[in-house]
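Provided below for reference: sequence and predicted model.
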Protein chains: 4
Amino acid sequence: MRSLVVDAEWDPRPEYDVSDDERESRTAMNASQVWRDPELRVVDRERPTPADDEVLVRVRYAGICGSDVSMIETDEDGYVHYSAYLGLPNVTGHEFAGEIVETGDDTRLFEPGDLVTAEVTDYCGRCNTCRQGFHGHCENFEQIGFTIPGAFAEYVAVPEKLCWDVSALRETYETEDEALRAAATIEPSTITYHGLFVRADGIMPGDHHVYHGAGPIGLTGMNVSRAAGAGAVIAFEPSPERREIARDLGYEHVYNPIECDPVETVASITDGEGADVHVETAGAVTQTYPVIEDTLAEDATVVHISNAGADPDLALRKYQGNGAQLYGSEGHTGQRVYPRVIRLMAAGRLDNRSIITSTFDLADADDAVRQAAERVDGKVLIEV
Amino acid sequence: MRSLVVDAEWDPRPEYDVSDDERESRTAMNASQVWRDPELRVVDRERPTPADDEVLVRVRYAGICGSDVSMIETDEDGYVHYSAYLGLPNVTGHEFAGEIVETGDDTRLFEPGDLVTAEVTDYCGRCNTCRQGFHGHCENFEQIGFTIPGAFAEYVAVPEKLCWDVSALRETYETEDEALRAAATIEPSTITYHGLFVRADGIMPGDHHVYHGAGPIGLTGMNVSRAAGAGAVIAFEPSPERREIARDLGYEHVYNPIECDPVETVASITDGEGADVHVETAGAVTQTYPVIEDTLAEDATVVHISNAGADPDLALRKYQGNGAQLYGSEGHTGQRVYPRVIRLMAAGRLDNRSIITSTFDLADADDAVRQAAERVDGKVLIEV
Amino acid sequence: MRSLVVDAEWDPRPEYDVSDDERESRTAMNASQVWRDPELRVVDRERPTPADDEVLVRVRYAGICGSDVSMIETDEDGYVHYSAYLGLPNVTGHEFAGEIVETGDDTRLFEPGDLVTAEVTDYCGRCNTCRQGFHGHCENFEQIGFTIPGAFAEYVAVPEKLCWDVSALRETYETEDEALRAAATIEPSTITYHGLFVRADGIMPGDHHVYHGAGPIGLTGMNVSRAAGAGAVIAFEPSPERREIARDLGYEHVYNPIECDPVETVASITDGEGADVHVETAGAVTQTYPVIEDTLAEDATVVHISNAGADPDLALRKYQGNGAQLYGSEGHTGQRVYPRVIRLMAAGRLDNRSIITSTFDLADADDAVRQAAERVDGKVLIEV
Amino acid sequence: MRSLVVDAEWDPRPEYDVSDDERESRTAMNASQVWRDPELRVVDRERPTPADDEVLVRVRYAGICGSDVSMIETDEDGYVHYSAYLGLPNVTGHEFAGEIVETGDDTRLFEPGDLVTAEVTDYCGRCNTCRQGFHGHCENFEQIGFTIPGAFAEYVAVPEKLCWDVSALRETYETEDEALRAAATIEPSTITYHGLFVRADGIMPGDHHVYHGAGPIGLTGMNVSRAAGAGAVIAFEPSPERREIARDLGYEHVYNPIECDPVETVASITDGEGADVHVETAGAVTQTYPVIEDTLAEDATVVHISNAGADPDLALRKYQGNGAQLYGSEGHTGQRVYPRVIRLMAAGRLDNRSIITSTFDLADADDAVRQAAERVDGKVLIEV
């Protein structure tokens, strides 16, 4: 079957202490310290066979994530930017939707013909972290498209417990094709849903939300916030293309943080009360945190979602003076995150389709990743 | 000024133990034990003068609540149905919107020209209950339209701290008139907002909500649930007129509980998972609780809002087997309830206008109450 | 090895609809409809071999639970009282502590010599309920001592993921023997911990707690409440022996609900404010609920834990008037329940040892169960 | 009556923009920018007369807070260290207990003879912040001992709503004198109670707590944590005297952060899991935050309570990787904070008496403040 494979050279930096586990599995805990000179190729691979607890999914649409891009972007020494867990060569891609075509012998939840999307992190369910309820931080985790084969391919084998039925979207959208296109945007939407409604506590309908960064995570996040009853949804985003997408989605409060005074802007929109919810989806933390901390409403919540390139100064006094709190958040694993986001979409409250600004054939998947690297799209999809 | 006044005969039932406070203030803690042979008249009254901490509001629209109706409905002995705190004669009416025309000497929050609506319960802020944060259960409370003059009148004087600015609705709706019509439905909306998002804990966007009863509280509640990101919103309501209003609001899952099997219906809509949120707004608890308890999703939340005419049997085993919880809720006082509901309305997520099915002139306010007593309207408004 | 085995006759009541699954597995979903004329015998059985994901525990102490008793108590037709999931013949017992003596090939958490106790419910981790975080209501659950062999035996094989290390108790108590005796009371303690701190939300240190029923669950619960910072801990219990145990534990507010006026009693202790937390551990719901509902503090929480023999009338008005809530709770599975209870014990804040009022040899385990059936003990232990 | 008065010269720094309000009221929003060359004197003042809503308290014990000290400590230019709201000259002191000797005409909660302590912040109850439930951040606040006369005096007049009855402590301790000595430590205890149980959400009994700083707030906080069911309570404190006090209180995990490796220490005590609750009561944030961030357990909570002298770098990645959160907290106003702390003390779970290491007569109150400035005591009390 056709698939997009990323490979690179295993060349650990001298100062990086490679563990035995990493060496044996050819999987680096911090890819940016080990993988060098990446290559991206559409190749032919054998179609996977589902294990007993897996289902085989015929992929139909798969979205390109910032992490997919950062696996082929490199520093001056040729090391990839991606700085988390990565085993190569691998079929990448983890935001996808498709149809189940085969089920493992020990599966019970699905049947061929079901439309599904999937969580990314395969958790063991048995380690000390899992059994205390933190499956997203499983001590023995694998990740689809990072350490096990992903979805930029005609077929992907996925543990059944990670799959969620999206067949109900057939009724929400006109066609099955449209349903699957929309469903491919569920995974990025779950990132903010998890941050706002599983990690954080106490966000209320009618709260004003600010997004610092309106890339794919920020844009789907704004949609999640709106679906969940935000008051004003405000976005700061330097890219004019992305601001345009946000406006097309119906958001009126979309600004270039470089050209406006973001603190004044938030104050004006919120009648001087400040914003209740601050979502960092930009990564530009030395610029965003000073703004966040000067626009905290009483009892404000900051949700940190991006990969921060630095450690910003924290104005603790302002968190005290406003009774504010900050939550670190990553991923989307477990609990009711996927089914609830799917229901929002099925009920028509969350429609991400106009965020999709480019669609490529699987045959041109490498071009798709390069297009995403331009950082002007909402979401780049691969159609399989 | 013109106003609608309710009066009745002070004739305590022999078995009712009237306290000195009640006798002195001519205010009954349980109206149905004391007030007999009520009368409803549009009369001329002196325009109130705002106290130092009050503002004077020129009322523009005022909605009729079930409690207004129950003050003139009587049992066979002529005692009123309303069973809470009531002092007569009084100008009734507590769901209203209008314009501030005068401010007391010690007010700071508003200026003449501001459009406002108001909370109903005036709390002292100093009793043991208030100072622990439970202002809605203030030990020294008064209530607008129940024990102090209300809003079925040209003017009403209201403590400043109970008023909330709705001027932002001018931008949401086309005209100031339309803004004020909509604003008159804020008070009933806050009843469910308070139950779902202040009293209850853990309701998540994407949860399925069921309303047992789609009268004025149920209908505005369904709108609150939808604005706050409910998945499916399901309603059971025997009145065909009210079911029609619900359908016109865009709800597809609206049923007559007498003609369908409500348990089957919920099971079918929720793929057998049950509903996450159950709102009792019917009062018919011996009928609704068995349905609620057979349709509990895992971790389901029951919010009891209506005046229950009886004490239903509680199937405790089902709350255990589903990890479910039940919250008693009444009123809407304090916290961020009003500003958040107003923001939902200002953001266009909560539009109650089509719930308003009849509008009467203040001159015909008595007819308006009688119309509401028919229990076929969504909301009956008085235009002042 | 020596073990206590319960057996009975498979004789479904005519009106009970036995499923194919039940018939094949000789496991009744509702034991009281199927199992008749139970027998209790200490017999010799083969020592279990741990599966790959299991550990083998040399049992040292095992407590007798009300459910163990209800498997041998019968109605007039000879059917057992126990009304949940039960497969016979089986080694019963699920409250235990011991030492790991062997580990399965695929285990990672423990080594021989570790002291452990265990959760009761073996969950699949893969069904729709588990993967949404509700492992205690797993759709494919088994239960140690109910459907799979339990701990009234020299050895028990347990899935590793259910075991929790109690080795730290060696430092808290004088001897390993004492540590294991104490550790055998962890399981009942987790039942209330789960109800108060996982199911319920918002219980604050300094809240007043009332226990309705001071049997083994109530007594360990009172200790949990005290360890967790309750203000007053009040107990109502008809058995003089159990009241005496409660007093020996240092509780001053222990009453016979038949001889006192419980409503007055709570009012007097709480200065008329009512109790914040009400734990039903009696099962006598038609007697306890009227008391609970007349002693609700503002924002009070009711946690229902017992097997209720009936459905009490629910005075909804009182839950509204006091802003109160009710949670159904059962079991203790998953999350951080076990490790947190173990830490409370290790820190010296939770000492259940004086609740243990009788200890029997495994050879006399049948007598131990009969002693527990007298319902005068705190906790009856079997020493293995 | 005898009282301790702080005075200083009103000499705003040139760069500080004095508002009209500040100038008129001789009250600086930031004392350290305005008040210079402070003096501390025990003088005779007229006994206050309680206003209608106030009670008059005969002070019996009053504790010295770090803020009292910072009003007389100065920088090289002679400006005081205290950097918040301060009007001079004023009787300082806000941690106190005493007996009510007179009640204003419009009070209802107390009678002469009642023993009380009091909250510090007088809130208006009517501003936009108060009416949304955030009384601690009232827009029109005054503070006892900062902007209105305080408790280092024979008598203090206090708004009734800020007072809380401690008469129940008479039964907990042997004598009324002992009860009042203990009650004078309630105020500092409420600071951490508010941070851990009102501001933060989700702290569970059995969690491991770390205090960074064991001064008066840290020591009373450790007692609150223990009373509320912490697992291990760990403290890092450079002062050997304060470490000794902590050990005398029964804490075994008390370390000098300069001489040990705090990260290793926490790892060792928590079996490598990290600490669940981190309380910053030191102010040395550039030293403490790196330790906190390297010892975060999964789902850890950081509560920031101290006056931070700097803005530390925030290692956002660690909050994400551990699913951790940070809360800013200050004060203790409103909700159920005081009554719950009093109940913990009345129940014998919170005993701060051995934290009191020095007691001075009111006649020597100036020496008491100077003693506190040595920063070696647990708590310095003034006996009146």
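All right, it came through fine.

From here on, just use CA atoms for contacts and neighbour counts.
Will do.

quick one: low-confidence parts of the stretch 251-384 of chain A?
Within the stretch 251-384 of chain A, no stretch has pLDDT under 70.

what's the closest non-adjacent residue to the residue of it found nearest chain B?
Closest approach between the stretch 251-384 of chain A and chain B, counting by CA to the nearest CA: A:Arg340, at 4.5 Å. Residue nearest to A:Arg340 in three dimensions, not counting chain neighbours: B:Gly206, with 4.5 Å by CA to CA, 6 or more residues apart in numbering or on different chains.

Work out for me the element the one you found sits within.
Here B:Gly206 is covered by no helix or strand, with elements defined by DSSP states H and E.

Could you do A:Val279 as well?
Using DSSP H and E, A:Val279 sits within strand A:275-280.

following that strand, which helix or strand shows up next?
Next along the chain after strand A:275-280, taking DSSP H and E as the criterion, comes helix A:285-293.

Leaving out chain neighbours, which residue sits closest to A:Leu314?
D:Asp311 (5.0 Å).

I meant to write A:Ser167 there.
Closest to A:Ser167 by CA to CA, 6+ apart is A:Leu115, at 5.0 Å.

how deep is the one you found tucked in, by neighbour count?
When counting by other CA atoms under 10 Å in any protein chain shown, one arrives at 28 neighbours for A:Leu115.

Let's test this: what are the backbone torsions at it?
Backbone geometry at A:Leu115, expressed as degrees, to the nearest 10, gives phi -90, psi 130.

hang on, it packs against A:Val101?
No. Counting by CA atoms under 8 Å, no contact exists between A:Leu115 and A:Val101, whose distance comes to 9.6 Å.

and the closest residue to chain C within the stretch 101-250 of chain A, what is it in contact with?
At 4.1 Å from chain C, A:Gln132 is the closest residue in the stretch 101-250 of chain A, using CA to the nearest CA. Residues near A:Gln132 by CA atoms under 8 Å, 6 or more residues apart in numbering or on different chains: C:334-336.

go on, A:Phe110?
So A:Phe110 contacts A:100, A:103, A:160 (CA under 8 Å, 6+ apart).

Please flag which of those residues sit within strands.
Using DSSP state E, A:100, A:103 are the members of the contacts of A:Phe110 that sit in strands.

Please list which of the contacts of A:Phe110 are also close to chain C.
Within the set of the contacts of A:Phe110, contact with chain C (CA under 8 Å from any CA of the partner chain) is found for A:Glu160.

and which of the contacts of A:Phe110 is nearest D:Leu350?
For these, the minimum distance to D:Leu350 (CA to CA) is 50.9 Å, reached by A:Glu160.

And the closest one, how far from A:Gly229?
Per CA to CA, to the nearest Å, A:Glu160 is found 32 Å from A:Gly229.

Now do the buried residues in stretch A:228-247.
Residues A:228-239, A:242-243, A:245-246 are the ones in stretch A:228-247 that count as buried (16 or more other CA atoms under 10 Å in any protein chain shown).

Need the three-state assignment for the most centrally placed residue in chain A.
Centroid check for chain A by CA atoms, centre = their mean gives A:Pro188 as the closest residue, at 3.7 Å. Three-state call for A:Pro188 (DSSP: H, G, I helix; E, B strand; the rest coil): helix.

which residue sits closest to it, ignoring its sequence neighbours?
A:Ile217 (5.8 Å).

The longest helix along chain A: how far from the chain's middle?
Looking across chain A with DSSP state H, the single longest helix is helix A:216-227. In terms of CA atoms, centre = their mean, to the nearest Å, the centre of helix A:216-227 is found 11 Å from the chain centre.

Which SSE is immediately downstream of it?
Following helix A:216-227 toward the C-terminus (DSSP H and E): strand A:233-236.

quick one: the helices in the stretch 1-150 of chain A?
A:20-25, A:66-70 (DSSP state H, counting those that start in this stretch).

Ok, which of those helices comes nearest A:Ala51?
Among the helices of the stretch 1-150 of chain A, helix A:20-25 comes nearest to A:Ala51, with 19.7 Å by CA to CA.

And the closest one, what does it pack against?
Judged by 3 or more CA pairs under 8 Å, 6 or more residues apart in numbering or on different chains; DSSP states H and E, helix A:20-25 is in contact with no other helix or strand.

Please work out which residues outside it touch it.
A:27-29, A:87.

swap in stretch A:370-382?
By CA under 8 Å, 6+ apart, stretch A:370-382 touches A:61-64, A:66, A:69, A:152, A:215-216, A:219, A:239, A:241-242, A:245, A:355-362, A:365, A:368-369.

Select only the buried ones of these in PyMOL?
The buried residues among the contacts of stretch A:370-382 can be selected in PyMOL (16+ other CA under 10 Å) with this line:
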select buried, chain A and resi 61+62+63+64+66+69+152+215+216+219+239+242+245+355+356+359+360+362+365+368+369
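
coming back round to it: among the contacts of helix A:20-25, which pair sits farthest apart?
Maximum distance among the contacts of helix A:20-25 (CA to CA): 8.8 Å, for A:Met29 and A:Gly87.

Neighbour count: those two, which is higher?
Neighbour totals were compared for A:Met29 and A:Gly87, and A:Gly87 leads with 25 against 17 (other CA under 10 Å).

List the beta-bridge partners for the more buried one.
Beta bridges link A:Gly87 to A:Thr27 when assigned by DSSP bridges.

likewise A:Val380?
With DSSP bridges as the rule, A:Val380 is bridged to A:Ser358.

distance of it from chain C?
Plainly put, A:Val380 is 30 Å away from chain C if you go by CA to the nearest CA, to the nearest Å.

picking that back up, between the helices of the stretch 1-150 of chain A, which one is closest to B:Gln287.
helix A:66-70 (53.2 Å).

Do the closest one and chain D come into contact?
No. Using CA under 8 Å from any CA, we find that helix A:66-70 stays clear of chain D, coming within 15.8 Å at best.

Around chain D, which positions in chain A sit nearby?
Residues of chain A lying close to chain D by CA under 8 Å from any CA are A:134, A:137, A:199, A:201, A:298, A:304-305, A:307-308, A:310-330.
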